[in-house]
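Enquirer: build me a model from this:
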Amino acid sequence: MEHILTQSDPKTAVDRYVKKCKDVGFDVIEISSGFLSLPQDDWLRLVDKVHDEGMIAKPEIGIQFGAGGDTSSAELESLGTSDPSKIVKAGKQFIDAGVERIMIESEGVTENVTKWRTDVIEYILRELPSEKVMFEAADPAVFNWYIREFGVDVNLFVDHSQIVQLSCLRAGIWGMADTFGKITTFR
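Expert: You can find the predicted model right below:
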C-alpha cells in the first residue's frame, strides 16, 4: 500500500490495487506507512475502502519512522521514535473502525535497536485489547520472549520459515534456556 500511495493519482491507484487484490483472491490487505507520513483520517479511509470491498484491513503501526527495508540501526536511531501513545490512539481508532487485528511493527521496539523497548509492548497491551494486537517478531529470541512474558496465546507474526519453531514453543517442546520445558497452559 505504501508504494500505491506514492503514485501520481493515489485515489485511482488505490481503487485499482484493492480491486485487483480481491480479484486474485487475497482476503487481507496490510496498510502500512513505515516510510510515509500519512494522516490518521487517511488511514481510516483506506481501512473503509478495504472493508467496502469485503476484505480485511490490517493496519501496521509502529514507533519507528523509516521502518522496513534495509535501513541500518544507526540511521533509524538518528530519526528517533514516536511517542507510543500515538500508536495506541491510532489503534483505538482502528478498532472503532472495525479492524480485526493491528500489526505492531517490530523496528524501534525489538528490531534494529540497541535495547528492546519492552515498555512500549507493555503499554500497548495495557491500552489495547490483546486479541486485537499482533506483534511482529522477526527473530526466535524475540518470539521466545513474547511467549515467556505473555503466554502461548500472544498474537505473533513470524517469518514462514519460523512457524515450526513457534508452534513447538507454544506446545512446550522447543525453547531457549529460559523457556524449554517451561511453557504450559491450563485449559
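Enquirer: please enumerate the helices of this protein.
Expert: Secondary structure of the chain (DSSP state H): helices at 2-5, 10-23, 40-52, 73-79, 84-96, 118-127, 140-150, 163-171.
Enquirer: tell me which of those sits nearest to Met103.
Expert: Taking CB to CB, helix 84-96 is the member of those nearest to Met103, at 10.3 Å. To be clear about C-beta, it is placed using only N, CA and C from the backbone, and glycine gets the same treatment.
Enquirer: tell me the angle that closest one makes with helix 40-52.
Expert: Here helix 84-96 runs at an angle of 30 degrees relative to helix 40-52 (axes from the mean of the first three to the mean of the last three CA atoms, to 10 degrees).
Enquirer: contact partners of helix 84-96?
Expert: Taking contacts as CB atoms under 8 Å, 6 or more residues apart in numbering, the residues outside helix 84-96 that touch it are 40, 43-44, 47, 59, 61-63, 102, 104, 119-120, 123-124, 127-129, 132-133.
Enquirer: how about a cut-off of 10 Å?
Expert: Residues external to helix 84-96 that are found in contact with it (CB atoms under 10 Å, 6 or more residues apart in numbering): 31, 40-41, 43-44, 47, 57-59, 61-63, 82-83, 99-102, 104-105, 108-109, 117, 119-124, 126-129, 132-133.
Enquirer: show me which of those are buried.
Expert: Among the contacts of helix 84-96, those classed as buried by 16 or more other CB atoms under 10 Å are 31, 43-44, 47, 57-59, 61-63, 82, 99, 101-102, 104-105, 108-109, 117, 120-121, 124, 128, 133.
Enquirer: against which helices or strands is the lowest-mean-pLDDT helix or strand in the chain packed?
Expert: Using mean pLDDT, DSSP states H and E, helix 73-79 stands out as the lowest-scoring helix or strand of the chain, at a mean of 82. Here helix 73-79 touches no other helix or strand, going by 3 or more CB pairs under 10 Å, 6 or more residues apart in numbering; DSSP states H and E.
Enquirer: burial count for the residue lying closest to Phe157 once chain neighbours are set aside?
Expert: Using CB to CB, 6 or more residues apart in numbering and skipping the chain neighbours, the partner closest in space to Phe157 is Glu136 (4.9 Å). Residue crowding around Glu136 was assessed by other CB atoms under 10 Å; the count is 21.
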